[in-house]
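In: Got a predicted structure here, sequence first:
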Amino acid sequence: MKACEGFIDKTMKNYLIIILVWLSSMVSFAQESFELAIKTSGTEVPNDIIQLENHNYVILGMQQKITGYSVATSVVWMANEFGTLIDSIVISKPDTNMFLATIHQYGEYLLISGFLACKENGLYETPLYYLLLDSNLNLMHEQTTPLDSKYYSAGHMEFRLDEDQLYMAGCARHRETATYGLDLFIYKYNLQSQLFESNFLELPGNQYSSGYLKTLNSDYHIIFSWGAWGYPGGYSSGYYALFDSDLNWLVTDSLPGDIHWDNFAMNLTDSTYLLSGREYVLIAPPSVDEFRSVIYEMAFPNVPIRSFEYHMGTDTTSHPAAEQSFDTTSTGEIYFAGTANIDAAVFPYQEDPSWIFLSKLDKSLNPIWTKIYGGDMFYYLYTMKATHDGGAVMACRTYDYLTQGRETDILIKKVNEDGLIVGTGEELPNISVQDAIVYPNPGSEYFNIQSGPQINGALFELFDMNGNLVFTTILDERVAIISAISLSTGTFPYRITFDNKIVGSGKWVKE
């Protein structure tokens, strides 16, 4: 593994950090809220974010130049509770791509896990990798663990820390390509003894891992996946594979609603858990279908109890956050977040706007409110966490296709328990937050109105440029589809009123 040997350089001089907006207020348990943009001349991608006990935030990301040959490096930033950047560390190794995915607080240390990609003999070897940083982001220890000799490339990994045990689940490419493709695997690594156990589920075809759950009592492990398993019969893409405490494979079966991709899971009790993912819904074959973001409450091992879904209609695709899409508050509410209006064929250089959605749910997955952020450029949410003060923090990838040439940035957005950035009244967040949006805009034969449950029953009014009312409706659905065939080409102002207050306004353009 000589190609994976290298160094870690602690510096901030290589980066131009732009803090676009800093907002805070002493409201509701002194909740802080802010936006922090991290930009350089290259591409930045967020991977994870955690809040420490001292209320500081640790942000894990990846950075790469966009001109000339370069490898991906990982960067750890530390920001205080007000969104001010206070430290950073660059993690790099020559001729090695660093794919660090997860941060855990391990005693007084930060445990960062992922894998390396080192090209050897024409193949990318990917040993598993972790490192320990102290509270000042100084490197204390690093360790690589090789894959089984039958495999040479790992990916789609998730990590869980349980006391001294680090669990790693993902998929790896088999060297015998004539029979096998990608196989699921699971590792159990003891951070003290540095001993590990593993199991690779060697089966024909490709099995792409997309999520992982270790049950509370550690008796079972579940790897969520999608791919060509060959069983059970019929159409199915989303699966779970159940392993016992010794990492022996027990059974595989399809998931409810055939949910697949971007799975994230979290225990609720010894017998129930939450599971999110993308749900493919066939509306009117063969041409009309959609991806929805969905979160299920599940009874172990694979029985759906209830669910909540988010979508923007049949002309858009909604994805839950790529790494972690939900989290629970100390009082049991659930934040569920993702991205709406994604064109996967051109990701991440989409030349159409997208929105981040954040829904707050009660313990039974009933919606309390849904806020919609963005719409002015392309946003893609990677992870969302509940914060100590009852709010939430989101790590996004952004791409302004009007000004940026195939280069993306990181946006960290901290909101309060109402989903808002609150300030003194003179300061405004760079990214807009809305209770309802109108799209597509411009449009032609129809437009949609997406609204949150907090304004159920709101009045929508559409006017011509002379101020004449041309259309009105009551918003009692999350997505209202409005026919615009009878309208002439032009610009139509609109407003949305709820509780005698204007909660939304703008202009819709018919082409």
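Out: Received it, and whenever you're ready, just let me know what you need.

In: okay, now the domains of this protein?
Out: 265-426, 436-511 (automatic domain parsing).

In: So what touches stretch 244-254?
Out: Applying C-beta atoms under 8 Å, 6 or more residues apart in numbering, the contact partners of stretch 244-254 are 186, 188, 197-199, 201, 218-221, 229, 231-232, 236, 238-243, 302. For the C-beta atoms, the positions are set from N, CA and C on the backbone; glycine is no exception.

In: Could you check it and say which residues are buried?
Out: 247, 249, 252, 254 (16 or more other C-beta atoms under 10 Å).

In: now do stretch 270-277
Out: 273-277.

In: Which member of those residues is positioned nearest Arg478?
Out: For the buried residues of stretch 270-277, the closest approach to Arg478 (C-beta to C-beta) belongs to Ser276, at 17.5 Å.

In: The closest one contacts Met298, correct?
Out: No: contact criterion C-beta atoms under 8 Å: Ser276 and Met298 do not qualify, at 10.6 Å.

In: Find the nearest non-adjacent residue to the residue nearest the centre of the chain, please.
Out: Ranked by distance to the mean C-alpha position of the chain (C-alpha atoms, centre = their mean), the top residue is Ala321 at 2.3 Å. Of all residues not flanking Ala321 in the chain, Leu381 sits nearest, at 4.3 Å (C-beta to C-beta, 6 or more residues apart in numbering).

In: Looks like that neighbour contacts Thr339 (just checking).
Out: Yes: contact criterion C-beta under 8 Å: Leu381 and Thr339 qualify, at 5.0 Å.

In: With neighbour numbers in mind, choose between the two.
Out: Leu381 (30 against 27; other C-beta atoms under 10 Å).

In: looking at this, that one is in a strand?
Out: Yes: judged by DSSP: H, G, I helix; E, B strand; the rest coil, Leu381 forms part of a strand.

In: Please name the bridge partners of it.
Out: Cys396 (DSSP bridges).

In: mind checking how far it is from Glu44?
Out: 15 Å (C-beta to C-beta, to the nearest Å).

In: Do I have it right that Glu125 meets Cys118?
Out: Yes: between Glu125 and Cys118 there is a contact under C-beta under 8 Å: 5.3 Å.

In: Dihedrals phi and psi, Asp258?
Out: phi 50, psi 40 (degrees, to the nearest 10).

In: Number the residues from 32 up from this point.
Out: In the new count, where the first residue is 32, that last one comes out as Asp289.

In: Skipping its backbone neighbours, what lies nearest it in space?
Out: Nearest to Asp289 is Gly269, by C-beta to C-beta, 6+ apart, at 4.9 Å.

In: The one you found reaches Leu286, doesn't it?
Out: Yes: if you go by C-beta under 8 Å, Gly269 and Leu286 touch, sitting 4.0 Å apart.

In: Model confidence for the closest residue to Ala375 other than its chain neighbours, exactly?
Out: Distances taken as C-beta to C-beta, 6+ apart put Thr348 closest to Ala375, at 6.7 Å, once the chain neighbours are dropped. In this model, Thr348 is scored at 81, pLDDT.

In: ok, now which ones touch Thr348?
Out: By C-beta under 8 Å, 6+ apart, the neighbours of Thr348 are 321-322, 371-375.

In: Now list the buried members of those residues.
Out: 321-322, 371-373.

In: Nearest to Ser241, out of the residues you listed: which one, please.
Out: Closest to Ser241, out of all of the buried ones among the contacts of Thr348 and judged by C-beta to C-beta, is Phe322, at 13.7 Å.

In: Contacts only, for that closest one.
Out: So Phe322 contacts 309-312, 342, 348-350 (C-beta under 8 Å, 6+ apart).

In: switch the cut-off to 10 Å
Out: 291-293, 308-312, 342, 347-351, 371, 373, 375 (C-beta atoms under 10 Å, 6 or more residues apart in numbering).

In: Mind giving me the ChimeraX select for the residues you listed, buried ones only?
Out: Entered in ChimeraX, the line below selects the buried ones among the contacts of Phe322, by 16+ other C-beta under 10 Å:
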select :291,292,293,308,309,310,311,342,347,348,349,350,351,371,373
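
In: Can you tell me which of the contacts of Thr348 is nearest Phe523?
Out: Of these, the one sitting nearest to Phe523 (C-beta to C-beta) turns out to be Asn372, at 20.8 Å.

In: in the protein, which ranges drop under the pLDDT threshold?
Out: Scanning the chain with the threshold set as pLDDT under 70 gives 32-61, 97-101, 259-267, 314-320, 344-347, 454-461.

In: swap the cut-off to 50 and go again
Out: 32-34, 37-38, 41-60, 262-264, 455-459 (pLDDT under 50).

In: Let me know whether His419 touches Lys445 as I believe.
Out: No: assessed by C-beta atoms under 10 Å, His419 is found out of contact with Lys445, at 11.3 Å.

In: Give the residues shared as contacts by the two.
Out: 62, 82, 112.

In: could you dump these to JSON lines with neighbour count?
Out: Output for these, formatted as JSON lines (neighbours: other C-beta atoms under 10 Å):
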{"residue": "Gln62", "neighbour count": "22"}
{"residue": "Gln82", "neighbour count": "19"}
{"residue": "Glu112", "neighbour count": "20"}
